[in-house]
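Trainee: Quick check, what structure comes out for this input:
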Amino acid sequence: MKKILFCFLILSSVQLFSQTILPVAQKYKQIGLVWGLLKYHHPDISNGKYDWDSEFIKLSDKVDAVNNQEEMNDLLLSFVSKYRTDKLKAKKIDSEKLFTKNLDYDWIDSSVFGNQLTKTLVEIKENGNINNYYASTSKMSRMLSFENEKGFKDFDYAIKSHRMLLLYNFWNAIQYWGVNKYLMDTKWSDNLEVMTKEFLDCKTDLEFEIAKSKLITKLNDTHSYHYPPIIFRDLYKHYSVFGIKAVNDSLVIESVYNKTLAQKDDIELGDIIVKINNKSIFSCLNEKVAPILSVSNSTILKRYSYWLFFNYKDSINVDIIKKNGTQINKYIHLYKTYKRENPVFLVVPKKEKWFYLQPNIAYVKLDQITKNELDVIFKQIENTKGLILDLRNYPKNISPNDLAKYLYPERKEFVKVLFPIENNPSYGDYDGEAPLKLIMNPFNAGSSNSNYYKGKVVLLVDRTTQSKAEYIGMAIQQAPDCTTLGEQTAGSPLNIVNYMMSDKTNVNFTGLGGFYPNGEGVQRNGLHIDHYVKESAKNYDPELYIKEAVRLIEK
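Mentor: Residues are numbered from 1 along each chain as shown. Predicted structure coming up:
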């Protein structure tokens with residue numbers, strides 16, 4: 001009797017669940033998940049046999065007629081059954097040897113989709129006969145390519161199914177091919193329902209662009225910058241006549257672009273802004289900038305503190321500490337446009353690419369330096385006590401090996417790379433080999449050199465050190481006597497991948513994972529720092545980094 005009662009309760013619960021009204025966001029989320037699984041796992045679909053965007057639009061147009069989960073499962077099963085499954089083949093992959101932290105198929109749940117649909121979805125998920133029409137890798141670099149994502153013809157943000165197409169196209173691309181997905185603040189799959197609601201609720205083009213920005217921001221990747229022009233046209237119409245640098249939780253005014261307008265508000269170089277609209281700078285950054293601008297870490301968020309002075313209104317309330325120590329609360333003017341007039345700067349950068357700070361200590365700024373110039377420099381400084389390499393910039397003309405050949409006594413590995421694996425969505429190849437390894441391994445640098453530089457090397461880095469600069473920094477750090485001084489860097493050390501969204505918006509993201517030879521991750525974390533520089537807004541010293549570097553060398 002008890003068993004009969006138990007079975008009755010279970011059946012009643014299932015029936016009740018299947019008849020419950022399904023929320024609109026849940027309906028779209030489910031078609032997005034199933035459609036995306038087929039896109040990257042089905043033999044014919046992953047081969048580009050179908051116009052898959054149009055198939056989504058057709059499926060999406062049927063969603064409004066669905067009321068409950070049972071009807072939803074019937075719709076999805078009917079959709080999936082349209083595509084042949086006789087070409088499915090079991091995966092032949094040794095998952096124990098691969099990077100599996102990005103695997104995420106828990107959504108294929110029989111308690112939601114029922115036994116028949118779940119069985120079919122699992123078979124497709126386990127398929128090993130996958131093609132590379134939508135996601136391929138270069139034979140020369142193993143970098144991801146989405147070259148067949150061309151956008152959707154006649155895309156119209158005002159059409160709900162078009163917005164959903166954009167969301168699920170991009171979401172699934174990251175779901176199956178983002179090797180750094182496991183590092184996100186929020187699990188990528190947990191973002192889907194939230195973002196589905198955001199895109200469903202868009203009523204204007206501004207709201208649509210903000211929804212896109214919020215989606216991209218969830219990548220937590222400094223490479224994924226996205227600045228929609230409409231935000232600056234309609235929302236951030238006014239901006240300041242000065243430039244700032246974030247120091248701790250304050251903003252130091254380090255440049256004035258129009259002295260006449262600045263004097264109107266009694267703004268001077270060295271003034272310190274400690275609050276905006278009676279809120280701390282940290283709070284303002286997290287409320288205004290963090291939701292719409294992708295950054296790998298909170299230090300890099302400070303780099304965009306100037307966004308705090310983009311405003312709809314032509315004034316903003318600030319708390320300023322003047323140079324005499326007086327703190328004032330006041331409104332300052334913002335402008336739609338102004339003429340640069342007699343700009344002044346707290347720090348005037350030195351024009352020299354390199355020079356001697358002391359007879360025994362050389363300084364080299366790496367942004368403009370060339371390979372040939374490095375050869376001249378190292379011949380002249382070979383007997384110095386110390387060398388300061390300034391990487392608070394973007395080195396345009398050199399490679400890791402251009403420095404390593406002077407800094408290393410022998411050839412050595414300086415980076416490990418996590419690669420995506422073509423035809424194997426979600427899996428990664430950790431410590432993968434470069435395709436041209438036999439000719440020249442790009443993950444090794446230097447050569448046998450008994451005359452390598454034997455003085456102390458101090459590497460200067462900060463929040464502006466990003467991408468190629470971080471990659472070169474990783475190589476410099478492998479020098480025998482190198483100390484890294486500064487603050488957290490951008491945390492995006494390797495190559496970018498470009499993805500074209502359905503509305504033809506181009507989005508970048510870091511396509512490879514970067515690690516030190518000892519396995520320490522650099523993506524999001526930034527370069528390893530040996531000595532952190534603690535700057536002070538009240539006693540701001542533009543030369544603090546260099547002074548600290550000299551102290552370390554002389555210590």
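
Trainee: can we go C-alpha only for contacts and neighbour counts from here?
Mentor: Will do.

Trainee: ok, Phe282 - contacts?
Mentor: Asp249 (CA atoms under 8 Å, 6 or more residues apart in numbering).

Trainee: State the three-state secondary structure for the nearest residue to Pro359 once chain neighbours are set aside.
Mentor: Nearest non-adjacent residue to Pro359, counting by CA to CA, 6 or more residues apart in numbering: Thr384, 7.7 Å away. Look at Thr384: counting by DSSP: H, G, I helix; E, B strand; the rest coil, its state is coil.

Trainee: was I right about Thr384 contacting Leu357?
Mentor: No - in this structure Thr384 lies outside contact range of Leu357 using CA atoms under 8 Å: 11.2 Å.

Trainee: Which of those two has more residues huddled nearby?
Mentor: Thr384 (18 against 14; other CA atoms under 10 Å).

Trainee: which ones are touching that one?
Mentor: Contacts of Thr384 by CA under 8 Å, 6+ apart are 359-362, 455.

Trainee: quick one: it from Glu543, how far?
Mentor: Applying CA to CA, to the nearest Å, the value for Thr384 to Glu543 is 21 Å.

Trainee: cool, and Leu407?
Mentor: For Leu407 relative to Glu543 (CA to CA), the value is 25 Å.

Trainee: Tell me which of those two has more neighbours.
Mentor: Neighbours were counted for Leu407 and for Glu543 using other CA under 10 Å; Leu407 has more, 28 against 9.

Trainee: Can you pull the phi/psi pair for the more buried one?
Mentor: As for Leu407, its main-chain torsions (degrees, to the nearest 10) stand at phi -100, psi -20.

Trainee: Same check on the one 10 residues further on?
Mentor: Main-chain dihedrals, Val417, degrees, to the nearest 10: phi -130, psi 140.

Trainee: Please apply the same query to Tyr356.
Mentor: Torsion angles, degrees, to the nearest 10, at Tyr356: phi -90, psi 120.

Trainee: same deal with Val318?
Mentor: Dihedral angles (degrees, to the nearest 10) for Val318: phi -140, psi 160.

Trainee: To what extent is it buried, counted in neighbours?
Mentor: Neighbours of Val318 (other CA under 10 Å): 19.

Trainee: Can you tell me how far it is from Lys92?
Mentor: In terms of CA to CA, Val318 sits 62 Å off from Lys92.

Trainee: ditto for Ala362
Mentor: 56 Å.

Trainee: Pick out whichever of the two has more residues nearby.
Mentor: Ala362 (22 against 10).

Trainee: What is the three-state secondary structure of the more buried one?
Mentor: strand.

Trainee: thought it was touching Ile381?
Mentor: Yes - counting by CA under 8 Å, Ala362 touches Ile381, with 7.0 Å between them.

Trainee: any idea which helix or strand carries the residue nearest to Ser250 when sequence neighbours are not counted?
Mentor: Once flanking residues are discounted, Ser250 sits nearest to Val274: 4.8 Å by CA to CA, 6+ apart. Counting by DSSP states H and E, the element that carries Val274 is strand 272-276.

Trainee: Centroid-nearest residue for this protein?
Mentor: Asp221 (1.2 Å; CA atoms, centre = their mean).

Trainee: Show the contacting residues for it.
Mentor: Going by CA under 8 Å, 6+ apart, the list of residues near Asp221 reads 294-296, 491-492, 509-510, 524.

Trainee: and if we set it to 7 Å?
Mentor: 294-296, 492, 509 (CA atoms under 7 Å, 6 or more residues apart in numbering).

Trainee: got those as a markdown table, with neighbour count and distance to Ala469 columns?
Mentor: Converted to a markdown table, the contacts of Asp221 look like this (neighbours: other CA atoms under 10 Å; distance: CA to CA, whole Å):
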| residue | neighbour count | distance to Ala469 |
| --- | --- | --- |
| Ser294 | 25 | 19 |
| Val295 | 28 | 16 |
| Ser296 | 26 | 15 |
| Ser492 | 33 | 10 |
| Phe509 | 24 | 17 |
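
Trainee: So which of those belong to strands?
Mentor: Phe509 (DSSP state E).

Trainee: Make JSON lines out of the contacts of Asp221 and add distance to Tyr182 and pLDDT.
Mentor: Converted to JSON lines, the contacts of Asp221 look like this (distance: CA to CA, whole Å; pLDDT from 0 to 100):
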{"residue": "Ser294", "distance to Tyr182": "16", "pLDDT": "96"}
{"residue": "Val295", "distance to Tyr182": "15", "pLDDT": "96"}
{"residue": "Ser296", "distance to Tyr182": "13", "pLDDT": "97"}
{"residue": "Ser492", "distance to Tyr182": "15", "pLDDT": "97"}
{"residue": "Phe509", "distance to Tyr182": "14", "pLDDT": "98"}
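
Trainee: This completes my enquiry, with thanks.
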